[in-house]
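Visitor: With the sequence up front, the predicted model follows.
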Amino acid sequence: MESEIRAVDYSAKSTYRNIKDKLFLWGVIVVSIITISPIVLIIGQLVFKGFKQINFSFFTEVTPSTYEAMTAIANGELIPGGIVNGITGTLLIVAIAALIAIPVGILIGLFLYENKGKIYANLIRNLSDILQGVPSIVLGLIAYLWVVKGVTQGYSALAGSVALAIMMLPLIIRSTEETMLMLPGSLKEAGLALGVPYYKVILRVLIPSGLSGLSTGILLAISRILGETAPLLLTTLGNPMINWNPAEPTSAVPLLIWDFYNDPNMADLIWSSSLFLMGFVLTLNIIAKRIAAKH
Amino acid sequence: MNNNIDIVNNPVLSIKDLSIAYNKADKYAVKDINVTIKKNAITAIMGPSGCGKSTLLRAINRMHELYPDIKTVGDIYLNEENIMKMSTIHLRRNIGMVFQRPNPFPTMSIYDNVLAGYKLNGIRLKKTERDDIVERSLSNVALWDEVKDALHKKGTFLSGGQQQRLCIARSLAFQPEVILLDEPTSALDPIATSKIEDLLVELKKNYTIVMVTHNMAQAARISEYSMFMYLGDLVEYGKTKMMFTNPRVRKTEEYLTGKFG
């Protein structure tokens, strides 16, 4: 008798558990859908609205004038021209920013790793965290003051690069320090046990071993600054032509999006430029994640 | 207290009044050690966790210098030459070290791992010299036949036991006089362990080996001399056979019979 009662008890409990399990599963599915839907909707919207403007000339020609765009729309044609001045400008600005921020950031990151626990290292780490919270428009103002007014005597790609480099710094510092902390200490000892001087152990053992972590951090930092608009409005201004001179005003893809937004004739180009920028950032992110996953 | 009763003639290493503290406020982690180490023999350092055995071993090639807080007093002589006054590169070329966990350089191939000591120190060698060193070192650790067709694969592709033998080969590349091993088999399975033990017995013909182990059976199997340390003191030092059959100090006997540790 007793065992029968028990059996009934268990099956009731197991039904209850099954229901709980199903409820939880569906809860997780719903929450996951809510989480991924913004990105899916954004990409869907960009592809839907921007795809038709993406063609060969989009990548090879400079931005059209309002008049050209207006005529094309009136005739029911695609807007001519492209955003190559923005693409080259973005490449130039981001490349200079990376050239400034990567060596400085890695050196500071190594310094923090070597001096962990020391007061001045903690101070630098905290300041770097605060730097990460500085609004990008403020960095733009600072770069305007220092570089536009002080160095290039006019709007320039260099000024934008300085603002973006300051934005990249805390990200690179953090990722360098974290990558170094993840390397086993035995690696450092293995180098030293061979009589290798300390700086060579860092340069030839630790940095190569942490290269995947470092490059992931750098790629994520680059994709973070790629879409920055506010600091560029105050520093690089924009340029209707291709410019490779860092001391001259330069265009950038996010700046063009802002320009297109302010020009009712260019509305279609907003979406295709955004799609391009989004695709670029997404690709960098995927590459960074792949590198990180491989190791 | 001097428990260094068996006299070692013409020792390769002699440690004199060595004491080590982890920082100025701490007590000594290793106290007043006086020992002499026999050439071409395996000397085991035993003792319970935290007794200072690794600390002592790491003092022999001055690994403690990595941490500026650690205070070392006393002297260590390598063939009459005070190692405290040698350059670290010269010292570590003569005294190699192998660690608890295999730690080949993950970015380097097997070939480059063996030559890492030369490469990282910027010592240039001819191709034939390099090939000779790699073949000799890998043959010494009985790894040559297993990896000779895969020399340019990454060292981390090897199994744990093979990686540890690669690390031993890396320290042999300089043809040091002494090899220090810090629990070299504690991360390995029994088969890999027995291979490493056979290898060490083979290597002692040409090298002097000092190894830390907390595996008493291992010390009994392969070592000629043993040190027993407890709370930073060298409790007993002498021929391994003697120590295991007839320990002079009660503490050693208690440890060897498993009363503590």
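Guide: Received it, and whenever you're ready, just let me know what you need. Residues are numbered from 1 along each chain as shown, chains lettered A, B, ... in the order given.

Visitor: rest of the way, CA atoms for contacts and neighbours
Guide: Will do.

Visitor: Tell me the residues of the stretch 51-200 of chain B that contact chain A?
Guide: B:61, B:63, B:88-93, B:96-99, B:101, B:103-107, B:116-117, B:120-121, B:171 (Cα under 8 Å from any Cα of the partner chain).

Visitor: Now do the SS call for the residue in the stretch 51-200 of chain B positioned nearest to chain A.
Guide: Proximity to chain A, evaluated over the stretch 51-200 of chain B using Cα to the nearest Cα, is greatest for residue B:89 at 4.1 Å. Of the three states, residue B:89 takes helix under DSSP: H, G, I helix; E, B strand; the rest coil.

Visitor: Pull up the residues of the stretch 151-295 of chain A that are close to chain B.
Guide: A:186-187, A:189-197, A:200-201, A:204-205, A:208-209.

Visitor: Just the buried ones from those residues, in ChimeraX syntax?
Guide: Selecting the buried subset of these in ChimeraX, with 16 or more other Cα atoms under 10 Å in any protein chain shown as the burial test, is done by:
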select /A:186,187,189,190,191,192,193,194,195,196,200,201,204,205,208,209
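
Visitor: ok so, going back, against residue B:114, how distant is the nearest residue to the residue of the stretch 51-200 of chain B closest to chain A once chain neighbours are set aside?
Guide: Counting by Cα to Cα, 6 or more residues apart in numbering or on different chains, residue A:195 is the residue found nearest to residue B:89 once chain neighbours are left out, at 4.1 Å. Relative to residue B:114, residue A:195 is positioned 14 Å away (Cα to Cα, to the nearest Å).

Visitor: To what extent is residue 106 buried, counted in neighbours?
Guide: Let's take chain A. Here the count is done by other Cα atoms under 10 Å in any protein chain shown, and residue A:106 has 21 residues near it.

Visitor: could you do chain B instead?
Guide: Residues lying near residue B:106 (other Cα under 10 Å) number 18.

Visitor: So what's the predicted local confidence for it?
Guide: The per-residue pLDDT reported for residue B:106 equals 91.

Visitor: Now do the same contact list for it.
Guide: Neighbour list for residue B:106: A:209, B:154, B:155, B:156 [criterion: Cα atoms under 8 Å, 6 or more residues apart in numbering or on different chains].

Visitor: OK, contacts around the first one?
Guide: Looking back up the chat, that one is residue A:209. By Cα under 8 Å, 6+ apart, the contact set of residue A:209 is A:183, B:105, B:106, B:107.

Visitor: Distance of it relative to residue A:181?
Guide: From residue A:209 across to residue A:181, the span is 12 Å (Cα to Cα).

Visitor: Just the helices from the stretch 51-200 of chain A, written as ranges.
Guide: Along the stretch 51-200 of chain A, counting by DSSP state H, counting those that start in this stretch, helices occupy A:56-60, A:66-74, A:84-114, A:119-132, A:136-143, A:157-182, A:185-193, A:198-201.

Visitor: What does the pLDDT read for residue A:6?
Guide: pLDDT, residue A:6: 56.

Visitor: that older thread, who wins for most neighbours among the contacts of residue A:209?
Guide: When neighbours are counted by other Cα under 10 Å, residue B:105 leads the contacts of residue A:209 with 25 neighbours.

Visitor: How about it, nearest residue that isn't a chain neighbour?
Guide: Per Cα to Cα, 6+ apart, closest to residue B:105 is residue B:113, 6.4 Å.

Visitor: what's the answer for residue A:140, then?
Guide: Sequence neighbours aside, residue A:231 is the residue nearest to residue A:140 in space, at 3.7 Å (criterion: Cα to Cα, 6+ apart).

Visitor: Identify the residues contacting the one you found.
Guide: Residue A:231 makes contact with A:136, A:137, A:138, A:139, A:140, A:141, A:160, A:163, A:164 under the criterion Cα under 8 Å, 6+ apart.

Visitor: How is chain A partitioned into domains?
Guide: A:2-50, A:86-294 (automatic domain parsing).

Visitor: Just say which of those is most tucked in.
Guide: Counting by mean count of other Cα atoms under 10 Å in any protein chain shown, domain A:86-294 has the highest mean neighbour count of these, with a mean of 20.

Visitor: Residue ranges in the stretch 101-250 of chain B under the pLDDT threshold?
Guide: Regions of the stretch 101-250 of chain B meeting the criterion pLDDT under 70 are absent.

Visitor: my read: the residue nearest to residue B:89 touches residue B:88, true?
Guide: Yes: here residue A:195 reaches residue B:88: they are 5.6 Å apart, a contact under Cα atoms under 8 Å.

Visitor: what separates the residue nearest to residue A:140 from residue B:109, distance-wise?
Guide: Residue A:231 is 46 Å from residue B:109, where distance means Cα to Cα.

Visitor: got a pLDDT number for residue B:5?
Guide: pLDDT, read off for residue B:5, is 54.

Visitor: same check, this time on the one 5 residues further on
Guide: Reading off the confidence values, residue B:10 has pLDDT 78.

Visitor: Repeat that for the one 5 residues further on.
Guide: If you check residue B:15, the pLDDT there is 92.

Visitor: And residue B:51, by the same measure?
Guide: At residue B:51, the model reports a pLDDT of 88.

Visitor: Hmm, residue A:232 is touching residue A:158, no?
Guide: No: with contact defined as Cα under 8 Å, residue A:232 does not count as touching residue A:158 (10.3 Å).

Visitor: list the helices and strands the helix ranked longest in chain A packs on?
Guide: Secondary structure of chain A per DSSP state H: the longest helix is helix A:2-50. If you count contacts as 3 or more Cα pairs under 8 Å, 6 or more residues apart in numbering or on different chains; DSSP states H and E, helix A:2-50 packs onto helix A:267-294.

Visitor: can you give me the angle the helix it packs on makes with helix A:84-114?
Guide: Relative orientation of helix A:267-294 versus helix A:84-114 (axes from the mean of the first three to the mean of the last three Cα atoms, to 10 degrees): 30 degrees.

Visitor: Now helix A:267-294: average pLDDT?
Guide: Per-residue pLDDT over helix A:267-294 has a mean of 91.

Visitor: What helices and strands are in contact with that helix?
Guide: Counting by 3+ Cα pairs under 8 Å, 6+ apart, the elements that helix A:267-294 packs against turn out to be helix A:2-50, helix A:211-226, helix A:253-261.
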